[in-house]
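A.B. asks: sequence-free structure coming up:
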């Protein structure tokens, strides 16, 4: 049964919240520290839940907790949820983990092109130590971004591009060419191996500079802003948040309390959604 776009967003957020709560239960049972991050932390601080037009959930963990999570979650997540990484899922481009809600579908052009049956998900990002020196940190982030882009281009030639019109057409054509080159020169194993060289797994200490190398487009953050975690309300639930959540948000967004202009409040629904109750939404029908 099809639903309209507003209902699709509401149902998507509800499905994602159920996955988040399952992750929280699993982490508490296994003594794994995690926290809401990025737009999810912003939503908790500003809206006590989802940003009204937001369509995803992001959580973070320090590297040691992330590695423990991935190891234990492969077979231990609550029923109805499953862990997906490049190691256990064919066609999986991100260099971080996702937890899917089984029996659902979140289909984009990229996942269709790569052959990935992606469920509705929560993103799980590891925070890694990076050099405090600005130039060395920037070099590490550039290398991380290179291998993350290489992974996406290896798996799909249908990458989302930032522009429309003639420029967008040129960008899409360049992505298709880059996809062909990546398939000739690289393998998923080589990409992961080169990316892994950037990861510093020595124990994190106070004063370290951290970033999500698997999505190196955010700003570096000090350890003290993230842990020990605080608590924030998200959709009626008290959940872990960064230690100094307001400073974390200022570092990431500047004036995070100010709402964006209406034209910048964008929902990025995929091409097709299938929900756990069997209802569906498709871009062509639900816009």
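C.D. replies: Perfect, I can see it now. On a predicted model such as this, the values are computed, not experimentally measured, just so you know.
A.B. asks: could you use CA atoms for every contact and neighbour count after this?
C.D. replies: Fine.
A.B. asks: where does residue 105 fall, phi/psi-wise?
C.D. replies: Reported as degrees, to the nearest 10, the phi and psi values for residue 105 are phi -140, psi 130.
A.B. asks: helix, strand or coil for the nearest residue to it once chain neighbours are set aside?
C.D. replies: Distances taken as C-alpha to C-alpha, 6 or more residues apart in numbering place residue 119 nearest to residue 105, at 4.2 Å, with adjacent residues excluded. Recorded secondary structure, residue 119: coil (DSSP: H, G, I helix; E, B strand; the rest coil).
A.B. asks: tell me who's in contact with residue 119.
C.D. replies: 100, 101, 102, 103, 104, 105, 106, 107 (C-alpha atoms under 8 Å, 6 or more residues apart in numbering).
A.B. asks: same deal with residue 257?
C.D. replies: By C-alpha under 8 Å, 6+ apart, the neighbours of residue 257 are residue 46.
A.B. asks: where's residue 215, which helix or strand?
C.D. replies: Under DSSP states H and E, no helix or strand contains residue 215.
A.B. asks: just checking, it touches residue 146?
C.D. replies: No. In this structure, residue 215 is not within contact of residue 146 by C-alpha atoms under 8 Å, at 10.6 Å.
A.B. asks: so the two - more neighbours on which side?
C.D. replies: Comparing residue 215 with residue 146 by other C-alpha atoms under 10 Å, the one with more neighbours is residue 215, at 18 against 14.
A.B. asks: just read off the phi/psi values of that one.
C.D. replies: phi -150, psi 70.
A.B. asks: gap between it and residue 143?
C.D. replies: Residue 215 is 11 Å from residue 143, where distance means C-alpha to C-alpha, to the nearest Å.
A.B. asks: so which residues of the stretch 101-250 of the chain form helices?
C.D. replies: Listed in chain order, the helices of the stretch 101-250 of the chain (DSSP state H, counting those that start in this stretch) span 109-114, 134-155, 165-185, 188-196, 223-226, 245-253.
A.B. asks: quick one: contacts of the last one?
C.D. replies: In this structure, residues lying in contact with helix 245-253 by C-alpha under 8 Å, 6+ apart are 38, 41, 42, 45, 218, 219, 221, 225, 226, 230, 242, 256.
A.B. asks: rerun that using 10 Å as the cut-off
C.D. replies: Helix 245-253 is contacted from outside by 36-39, 41-42, 44-45, 218-222, 224-226, 229-232, 241-242, 254-257, using C-alpha atoms under 10 Å, 6 or more residues apart in numbering.
A.B. asks: identify the contacts common to residue 215 and residue 143.
C.D. replies: Common neighbours of residue 215 and residue 143 (C-alpha under 10 Å, 6+ apart) are residue 149.
A.B. asks: pLDDT of the lengthiest helix in the chain, averaged?
C.D. replies: The longest helix of the chain (DSSP state H) is helix 5-29. For helix 5-29, mean pLDDT is 97.
A.B. asks: look at residue 160 and report its pLDDT.
C.D. replies: 65.
A.B. asks: swap in residue 183?
C.D. replies: Residue 183 is assigned 82 on the pLDDT scale.
A.B. asks: identify the residues contacting the residue nearest to it when sequence neighbours are not counted.
C.D. replies: Using C-alpha to C-alpha, 6+ apart and skipping the chain neighbours, the partner closest in space to residue 183 is residue 154 (5.6 Å). By C-alpha under 10 Å, 6+ apart, the residues touching residue 154 are 91, 93, 114, 148, 175-176, 178-188, 191.
A.B. asks: what subset of those is buried?
C.D. replies: 91, 93, 114, 148, 175, 176, 178, 179, 180, 182, 188, 191 (16 or more other C-alpha atoms under 10 Å).
A.B. asks: these into JSON lines, with extra columns for distance to residue 9?
C.D. replies: Below are these laid out as JSON lines (distance: C-alpha to C-alpha, whole Å):
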{"residue": "91", "distance to residue 9": "26"}
{"residue": "93", "distance to residue 9": "24"}
{"residue": "114", "distance to residue 9": "25"}
{"residue": "148", "distance to residue 9": "28"}
{"residue": "175", "distance to residue 9": "29"}
{"residue": "176", "distance to residue 9": "30"}
{"residue": "178", "distance to residue 9": "33"}
{"residue": "179", "distance to residue 9": "31"}
{"residue": "180", "distance to residue 9": "35"}
{"residue": "182", "distance to residue 9": "35"}
{"residue": "188", "distance to residue 9": "33"}
{"residue": "191", "distance to residue 9": "34"}
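A.B. asks: if we can go back for a sec, highest mean neighbour count out of the helices of the stretch 101-250 of the chain?
C.D. replies: Most buried of those, by mean neighbour count (mean count of other C-alpha atoms under 10 Å): helix 223-226, with a mean of 21.
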